[in-house]
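**Student:** Task: produce atomic coordinates for the following.
(4 chains)
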2 protein chains.
Amino acid sequence: MKKKIKYNVSFRIWFYAGENKFLGIGRVELLERIIKTGSIANAAKEMKMSYRQAWQMVAEMNARSNSPLVEKQLGGKSGGGAIVTKAGFQAIETFQTLENKVRIFIENETNKLTM
Amino acid sequence: MKKKIKYNVSFRIWFYAGENKFLGIGRVELLERIIKTGSIANAAKEMKMSYRQAWQMVAEMNARSNSPLVEKQLGGKSGGGAIVTKAGFQAIETFQTLENKVRIFIENETNKLTM
DNA sequence: TAACGATATGTTTGTAAATGAATAACGACA
DNA sequence: TGTCGTTATTCATTTACAAACATATCGTTA
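**Tutor:** Below is the predicted model:
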């Protein structure tokens, strides 16, 4: 009997600021972990990425948005940390809302397919 | 006056065969150029990619689809070439149709956004 | 004011991926 | 039956990217 492969569709979306990538699912996840852990360093550790890369992502996001998504918090007993701004929360929300809508749309369209 | 960045949304979709990537925009473009030029070698040249990479993409596509999307055509005055099968044409069509629908959907949703 | 752990940044190291060269095999056609 | 320019495949080399390391700087708190 002939093999019959089950196909499925995946997708990704990105927000661009002009020509520059501004926000994708990876950066959204990073923002969420900064919220959860209180610092870029710990967020990076959770995601098993280098602090350097995480920091660069944050720096790019901040540079390419109208107002910073993350603000540093130096000093203090714990040595400091980073906080996600209101603009950051809004960016997460906007991204995830659109992503969910696209997911549902693609699921509906894919069900119509006969491959 | 404050800078005001214009944001826009980009996206990509992929067809998967189980866990394996099967078709994306790059491979669709490769298929189109194989149709246009009549060979993998010339298609690769047009896309400025190595023949090796192009050939591997074709091999993967063929291995992961129910029936081959590309068939070799050895011999002849021109030395041979490659042809895209009916299944290949259908795959291109299916991919582009879905991609266009998603594009329109995202455009409509993005117009609602105020970032 | 000393200490802490985070941010911020340059430099080096290591590794995976892409490239290029080189070559064998193929088979219709003239 | 010789010719042609493909397909198909290998191997060494280069390139690009990510990780690792090192270190300066910061500012609140005890």
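**Student:** if I pick A:Val70, what's in contact with it?
**Tutor:** Contacts of A:Val70 were listed using Cβ atoms under 8 Å, 6 or more residues apart in numbering or on different chains, and they are A:31, A:34, A:40, A:58, A:61-62, A:82-85, A:88. Yep, even glycine has a C-beta here, placed from its N, CA and C like the rest.
**Student:** That one pairs with what?
**Tutor:** A:Val84 (DSSP bridges).
**Student:** Look at it and report its pLDDT.
**Tutor:** You'll see A:Val70 listed with a pLDDT of 96.
**Student:** go on, A:Lys6?
**Tutor:** pLDDT for A:Lys6: 73.
**Student:** Run a quick neighbour tally on it.
**Tutor:** Neighbours of A:Lys6 under the rule other Cβ atoms under 10 Å in any protein chain shown: 8.
**Student:** Tell me which residues touch it, please.
**Tutor:** B:17-18.
**Student:** now it: how far from A:Leu98?
**Tutor:** 27 Å (Cβ to Cβ, to the nearest Å).
**Student:** How about A:Ala87?
**Tutor:** 17 Å.
**Student:** Have a look at chain A and report the helix or strand with the lowest mean pLDDT.
**Tutor:** Taking mean pLDDT, DSSP states H and E as the measure, the helix or strand of chain A with the lowest value is strand A:20-23, at a mean of 88.
**Student:** wait, what's in contact with A:Ser39?
**Tutor:** A:80-82.
**Student:** Could you grab the helix/strand/coil label for the closest residue to A:Leu23 other than its chain neighbours?
**Tutor:** Closest residue to A:Leu23 apart from its sequence neighbours, by Cβ to Cβ, 6 or more residues apart in numbering or on different chains: A:Phe15 at 4.1 Å. With DSSP: H, G, I helix; E, B strand; the rest coil as the basis, A:Phe15 sits in strand.
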